[in-house]
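*Asks:* got a predicted structure plus its sequence, pasted below:
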Amino acid sequence: MEYFKPSAKTIGLLQRVAITAGLFAFIICMLILVNYYQLNRADPLNSPALKVLVEKSKSNPDDEQVKLEIRELDLLARKAFFTNRWQIKTGGYLLIFSVLIIVICLKTIELFRAKIPEVPGAKQDSFWDDRLLNRKWITYSGSFLVMASLFFAYLSHNQLGNEITRATSGGSVQNSPELQSGGANPVTQSTHAVVPGDTLNKGKPFIKGEEYPTQQEINSNFPGFRGPMGNGVAFQKNIPISWDGKKGKNIRWKTAVPLPGNNSPVVWNGKVFLTGANESKREVCCFDGSTGKILWTTLVEKIAGSTAQVPKVTKETGLSAPTCTTDGRRVYAIFANGDLVALDMDGKKIWAKNLGLPKNHYGHSSSLIFYHDLLIVQFDQSGDAAVIAFKGKTGERAWETSRDVKISWSSPILVNTGKRAELILVAEPFMVSYNPATGKELWRMDCISGEVGPSAAYADGVAFSVNEYSKLAAIQVGDSPKLLWQSDEYMSDIPSPVANGNYLFLATSYGTMVCYDAKTGTKYWEKDFGTPTFASPMLADGKVYALDKKGVMHIFKPDKAYSSISEPVLGEGSVCTPAFADGVIFIRGDKNLYCIGK
């Protein structure tokens, strides 16, 4: 019987691989043991600097500078925690992988070697028994070293986590979803930085001097695309239902917009912000909400890394499609060439950077949104999609999560599920939810396809996505999301849907408005407005406001049957979603910004 006889080179190669893997495993073991030793010697959370700051805070609880320094040290400690956890986890995997390679190589060599036949009655040489004994000692010693390293890795992981929890008990880290979850989702690759507080729509007061507004403050303004949290719902009252732009009826003022742009107005404490751009310049513009006077314009120029190349964009997108956002402390804007800028409320530049020329064949259009003191950018470009959070005060990158999706033109929304805040994004093929404080993925659902333009909508635990040549889908959110219903009868490629607890309203870009039961998908009615619609419908003051491209506002009741309230006209075309303040509407027309109110 013929046996496979490997060459001496093959056996030698296996031996060298086993030896190399053994040395590598030994190094990993030593690094884990050294890590444990250093962790026991150095306690970053009980540093003299932190103790001094804590004592200062106790003696002077109103000192905001001390609180800021404590939070910064706290953030550094938490960054150390996540870095340490990643190192330990990766080291453990590498160690196990190395041991597997050693075992596979040794077993393969043993199988390849020819067995010496036993001669009956012959005296047994003790060489093989001795060699077996030596192998056992080496195996036992190596196994002990590996097990000890994994044990100390576990102790290191738990010790640092316990130290952080102990040092910050009663603070932000203890309640952090990131620490409770037990680690980063393997689908995303994120750099995590936990932000204090994780509530939305709770209306809790904020400490004076904090870098972000309360939810009550957000709801009383109109801080971004489609209003607070980007969800298409405005909280203002006494919204007008009758006007005529040509006759001047209920037109408080109209002001020519300096530069073209397809972005929508945002409003904060009586100031209205727009952006505009052409091939030679980009700017942010601020209007007085009471008079229409332009208070200031700021050119966005001379940004490090910005290219002189003008992006190729379509007319429908333009060079300034993303809507800016404001947290009442700063105004943030992004343009088609990747320029990102933060200005103070008087138009002075605080920081700016270029994210790179977006790889996007229509032009970048995803609007900005903020969460607490973070500015969030959806940057779904070809081959390198990501969602990024920057610290609003400094522009420092707080976290970044890569996205395995195709190009999209949709914008992020923020929701409160009753248990946590979620950042929801849509792009082929997924609707994905993230923790807005850390960038960690919470859940995903494969439910959309094509070149996605509309943003998601949300109401009462259900999120909705839609796109032309795809499907309208209703997703029950949660750690295990569930598809409630879907429809392929009416689609949208530009306007985003809007929902309340009972109804979902969808405007198609060709001018048909459709109403569905939000929970079951039953279609209640459809209404053809006869004019294409690019602006997203808004829920405000108990009514739905839907602006078509001719500037006609279709105002109707949210009900099972279509019931028109009025159809006032602007007097010029518009593709921009309206913004609301108490008693007034702000609409960006093709050339002018309008303030409408009695």
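*Replies:* Received, thanks. Numbering: from 1, shown residues only.
*Asks:* for the rest of this, base every contact and every neighbour count on C-alpha atoms.
*Replies:* OK.
*Asks:* for the helix or strand where residue 331 lies, give me every contacting residue.
*Replies:* Per DSSP states H and E: residue 331 is located in strand 330-334. Applying CA atoms under 8 Å, 6 or more residues apart in numbering, the contact partners of strand 330-334 are 275, 284, 320, 322-326, 340-345, 367-368, 375, 392.
*Asks:* once you drop chain neighbours, what's closest to residue 528?
*Replies:* Using CA to CA, 6 or more residues apart in numbering and skipping residues adjacent in sequence, the residue nearest residue 528 is residue 512, 4.3 Å away.
*Asks:* contacting residues for the one you found?
*Replies:* 526-530 are the contacts of residue 512 under CA under 8 Å, 6+ apart.
*Asks:* any idea how far residue 9 is from residue 21?
*Replies:* According to CA to CA, to the nearest Å, residue 9 stands 18 Å off from residue 21.
*Asks:* neighbour count: those two, which is higher?
*Replies:* residue 21 (21 against 9; other CA atoms under 10 Å).
*Asks:* so that one touches residue 100, yeah?
*Replies:* No: contact status for residue 21 versus residue 100: not in contact, 9.0 Å apart, counting by CA atoms under 8 Å.
*Asks:* looking at strand pairing, list the partners for residue 476.
*Replies:* residue 462, residue 482 (DSSP bridges).
*Asks:* quick one: the strands in the stretch 151-300 of the chain?
*Replies:* With DSSP state E, counting those that start in this stretch as the criterion, the stretch 151-300 of the chain has strands at 233-234, 251-256, 266-268, 271-277, 282-288, 294-299.
*Asks:* against which helices or strands is the first one packed?
*Replies:* In other words, strand 233-234. In terms of contacts (3 or more CA pairs under 8 Å, 6 or more residues apart in numbering; DSSP states H and E), strand 233-234 is packed against strand 538-540.
*Asks:* can you name every helix or strand that the strand it packs on contacts?
*Replies:* By 3+ CA pairs under 8 Å, 6+ apart, strand 538-540 packs against strand 233-234, strand 498-499, strand 543-547.
*Asks:* can we see that at 7 Å?
*Replies:* strand 233-234, strand 543-547 (3 or more CA pairs under 7 Å, 6 or more residues apart in numbering; DSSP states H and E).
*Asks:* buried stuff in stretch 234-245?
*Replies:* For stretch 234-245, the neighbour count (16 or more other CA atoms under 10 Å) marks 234-236, 239-245 as buried.
*Asks:* for stretch 345-356, C-alpha coordinates in CSV please.
*Replies:* In CSV, the C-alpha atoms belonging to stretch 345-356 read as follows (Å, rounded to 0.1, in the frame of the first residue of the first chain):
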residue,chain,number,x,y,z
MET,A,345,-24.6,83.7,15.4
ASP,A,346,-23.1,86.9,14.1
GLY,A,347,-21.5,85.3,11.1
LYS,A,348,-17.9,85.0,12.4
LYS,A,349,-16.1,81.9,11.4
ILE,A,350,-15.3,79.6,14.3
TRP,A,351,-13.8,76.6,12.4
ALA,A,352,-13.9,75.1,9.0
LYS,A,353,-12.6,72.1,7.2
ASN,A,354,-12.9,70.3,3.9
LEU,A,355,-14.2,66.7,3.9
GLY,A,356,-12.9,66.0,0.4
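*Asks:* please compute how far it lies from its chain's middle.
*Replies:* Computed by CA atoms, centre = their mean, to the nearest Å, the chain-centroid distance of stretch 345-356 equals 20 Å.
*Asks:* ok, residues contacting it?
*Replies:* Stretch 345-356 is contacted from outside by 296-298, 303-306, 329-331, 338-344, 394-395, using CA atoms under 7 Å, 6 or more residues apart in numbering.
*Asks:* can I have the buried ones of those as a PyMOL selection?
*Replies:* Burial among those is assessed by 16+ other CA under 10 Å; the matching PyMOL selection reads:
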select buried, resi 297+298+306+329+330+331+338+339+340+341+342+343+344+395
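*Asks:* leaving out the residues flanking it, which one is nearest to residue 435?
*Replies:* Nearest to residue 435 is residue 422, by CA to CA, 6+ apart, at 5.4 Å.
*Asks:* using CSV, write down the CA coordinates of the host helix or strand of the one you found.
*Replies:* Following DSSP H and E, one finds residue 422 within strand 421-427. This file holds the C-alpha atoms of strand 421-427, laid out as CSV (Å, rounded to 0.1, in the frame of the first residue of the first chain):
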residue,chain,number,x,y,z
ALA,A,421,-32.3,58.4,21.1
GLU,A,422,-31.6,57.0,17.6
LEU,A,423,-30.0,58.5,14.5
ILE,A,424,-31.7,56.9,11.5
LEU,A,425,-30.3,57.0,8.0
VAL,A,426,-31.4,55.4,4.7
ALA,A,427,-29.4,54.4,1.7
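*Asks:* count the neighbours of residue 417 for me.
*Replies:* 18.
*Asks:* residues contacting it?
*Replies:* residue 461.
*Asks:* show the pLDDT at it.
*Replies:* If you check residue 417, the pLDDT there is 93.
*Asks:* residue 28 too?
*Replies:* Reported pLDDT for residue 28: 76.
*Asks:* helix, strand or coil for it?
*Replies:* Here residue 28 is recorded as helix under DSSP: H, G, I helix; E, B strand; the rest coil.
*Asks:* quick one: contacts for it?
*Replies:* Going by CA under 7 Å, 6+ apart, residue 28 touches 91, 95.
*Asks:* how near is it to residue 99?
*Replies:* In terms of CA to CA, residue 28 sits 11 Å off from residue 99.
*Asks:* kindly report the same for residue 439.
*Replies:* 34 Å.
*Asks:* same check on residue 238?
*Replies:* Applying CA to CA, the value for residue 238 to residue 99 is 71 Å.
*Asks:* paired strands for whichever strand or helix holds residue 390, with orientation please.
*Replies:* Using DSSP H and E, residue 390 falls within strand 386-391. When pairing is defined by DSSP bridges, strand 386-391 lines up against strand 374-379 (antiparallel), strand 397-402 (antiparallel).
*Asks:* ok, which of those comes nearest residue 506?
*Replies:* strand 374-379 (22.8 Å; CA to CA).
*Asks:* relative to strand 421-427, how tilted is that closest one?
*Replies:* 20 degrees (axes from the mean of the first three to the mean of the last three CA atoms, to 10 degrees).
*Asks:* pull out the CA atoms of strand 374-379 and give them to me as PDB.
*Replies:* Extracted in PDB, the C-alpha atoms of strand 374-379 (Å, rounded to 0.1, in the frame of the first residue of the first chain):
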ATOM      1  CA  LEU A 374     -22.300  67.200  18.100                       C
ATOM      2  CA  LEU A 375     -22.700  68.100  14.400                       C
ATOM      3  CA  ILE A 376     -23.600  65.000  12.400                       C
ATOM      4  CA  VAL A 377     -22.800  64.700   8.700                       C
ATOM      5  CA  GLN A 378     -24.200  61.900   6.500                       C
ATOM      6  CA  PHE A 379     -21.500  61.500   3.800                       C
END
